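J.: just need the structure, nothing else, for what follows:
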Amino acid sequence: MSENTLRSALSSASLNDERWRQTHLGRLLGHAMRRFDERVLHLMAGNEGVPLALANLASRDQVSAAHVHITRHLALEGSRLTDLARAAGMSKQAMGDLVDQCAAWGLVQREADPLDARARRVMFTPVGLAWLQAFKEAVAQAEAEFREAVGKDVATVVALGLEAYVN
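T.: You can find the predicted model right below:
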């Protein structure tokens with residue numbers, strides 16, 4: 001691209017108005033997801049069912065939205081690491097690091113896969129199941145707060161629209 005063409009493109013009225021960069025749907029969805037996840041983690045930190053050590057980690061921002069991927073995607077009967085990574089949209093290595101950290105916290109453990117002796121499954125521990133229950137309660141509370149903030153009708157339309165968009 002020549003310098004004149006570049007200058008012409010940059011001086012275009014459509015690029016001079018940069019509001020679109022701050023308000024496009026992808027950016028708004030990203031902000032909304034971060035806000036929602038932060039609220040969920042805050043609620044979990046205050047949940048009496050969460051073991052004190054985990055509540056302290058959550059309250060000090062040591063538990064991140066990345067850790068929530070395990071909570072969201074790990075099947076109750078356990079999941080292979082590759083399946084867990086795929087469901088969370090992460091690399092196997094990144095998910096492995098998260099699983100290692102969650103195992104150190106006592107949320108999950110690795111066990112032999114009963115269907116394949118060569119494979120291992122990631123499973124919730126009893127502490128992890130308590131964490132999952134706290135997650136369920138926090139998500140319900142955060143969703144209720146969202147409905148209150150934007151109104152029931154708007155919340156319903158947003159939920160239906162997002163469901164249609166991702167499916």
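
J.: which strand is the longest one in the protein?
T.: Determined from DSSP state E, the single longest strand within the chain is strand 116-124.

J.: can you give me the buried ones in that one?
T.: R121, V122, M123, F124 (16 or more other Cβ atoms under 10 Å). C-beta coordinates here come from the backbone N, C-alpha and C atoms, glycine included.

J.: stretch 86-101 now?
T.: Counting neighbours by 16+ other Cβ under 10 Å, one finds that the buried residues in stretch 86-101 are A87, A88, M90, M95, G96, L98, V99, Q101.

J.: ok, of these, which one's closest to L29?
T.: A88 (17.0 Å; Cβ to Cβ).

J.: where exactly do the strands run in the chain?
T.: Assigned by DSSP E, the chain shows strands spanning 79-80, 108-113, 116-124.

J.: can you name every helix or strand that the last one contacts?
T.: Helices and strands touching strand 116-124, as assessed by 3 or more Cβ pairs under 8 Å, 6 or more residues apart in numbering; DSSP states H and E, comprise strand 79-80, helix 81-88, strand 108-113.

J.: what do you get if the cut-off is 6 Å, keeping everything else the same?
T.: strand 79-80, strand 108-113 (3 or more Cβ pairs under 6 Å, 6 or more residues apart in numbering; DSSP states H and E).

J.: how many other residues sit next to the nearest residue to N47 once chain neighbours are set aside?
T.: Among residues not flanking N47 along the chain, A134 sits closest, at 4.1 Å (Cβ to Cβ, 6 or more residues apart in numbering). A134: 24 surrounding residues under other Cβ atoms under 10 Å.

J.: identify the residues contacting A134.
T.: For A134, the contacting residues are M44, N47, G49, V50, by Cβ atoms under 6 Å, 6 or more residues apart in numbering.

J.: and it, how far is that from W20?
T.: Distance, A134 to W20, using Cβ to Cβ, to the nearest Å: 39 Å.

J.: same deal with K136?
T.: From K136 over to W20 the distance is 37 Å, taken as Cβ to Cβ.

J.: same question for L98.
T.: 34 Å.

J.: kindly report the same for L132.
T.: L132 sits 39 Å away from W20, going by Cβ to Cβ.

J.: okay, the two: which has more neighbours?
T.: Shown here are L132 and W20; by other Cβ under 10 Å, L132 has more neighbours (17 against 10).

J.: now do the buried residues in the lengthiest helix in the chain.
T.: Across the chain, the longest stretch assigned as helix under DSSP state H is helix 126-150. For helix 126-150, a neighbour-count test (16+ other Cβ under 10 Å) marks 127-128, 130-132, 134-135, 137-139, 141-142, 146-147 as buried.
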